[in-house]
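In: What shape does this take:
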Amino acid sequence: MQATGTLELRGGTLAVGAAGAVQIGTAGGAETGSLTIDAGHTVVATNSTIGASVIDQGNLVVEVDSAVNGSLTGSGSATIDPGAVLDVSGKLGLAGISFLGVGGAALELGTPDRA
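Out: Predicted structure coming up:
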């Protein structure tokens, strides 16, 4: 699947099969079994689970507790809103992570259990 602009996940799970790929943007080259966010594109997660590794060349925004069931890597960034928690079960290798405002934005590494 390929889409442009912003993908908003509002609850539930985005699952990517081992032979599939989801790409937000049009750069091409999405890795099999993963969600790829191209530069200039955004995924907004609100109480959601991304059931795959994420290759982030754009921006992942966490508005309410959410999880990545896999690695979170790339030259992009993650923005975690006040009071929100991002759980990442796999490797973390992201260029930038921003914690917004005052109020307990957090990043947890291990087995996701938030969303």
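In: tell me the contacts of Thr13?
Out: Ser48, Thr49, Ile50, Gly51, Ala115 (Cβ atoms under 8 Å, 6 or more residues apart in numbering). C-beta coordinates here come from the backbone N, C-alpha and C atoms, glycine included.
In: Return the list of strands paired to the helix or strand containing the third one, each annotated with direction.
Out: I take that to be Ile50. Using DSSP states H and E, Ile50 sits within strand 42-51. Taking DSSP bridges as the criterion, strand 42-51 forms sheet pairs with strand 6-15 (parallel), strand 59-64 (parallel), strand 66-68 (parallel).
In: Make CSV from the ones you listed and add distance to Ala27 to it.
Out: Shown next, in CSV, are these (distance: least, Cβ to Cβ, whole Å):
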stretch, distance to Ala27
strand 6-15, 15
strand 59-64, 15
strand 66-68, 20
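In: These: which one's closest to Ile80?
Out: Ile80 lies closest, by Cβ to Cβ, to one member of those: strand 59-64, at 4.7 Å.
In: List the buried residues for that closest one?
Out: Using 16 or more other Cβ atoms under 10 Å as the test for burial, strand 59-64 gives Asn59, Leu60, Val61, Val62, Glu63, Val64.
In: now swap in stretch 4-18 and tell me
Out: Neighbour counts using 16+ other Cβ under 10 Å place Leu7, Leu9, Leu14, Val16 of stretch 4-18 among the buried residues.
In: For the last one, list the residues it contacts.
Out: Neighbour list for Val16: Val22, Gly33, Ser34, Leu35, Gly51, Ala52 [criterion: Cβ under 8 Å, 6+ apart].
In: one more time with 10 Å, if that's ok
Out: Neighbour list for Val16: 1, 22, 30-36, 50-54, 69-70 [criterion: Cβ atoms under 10 Å, 6 or more residues apart in numbering].
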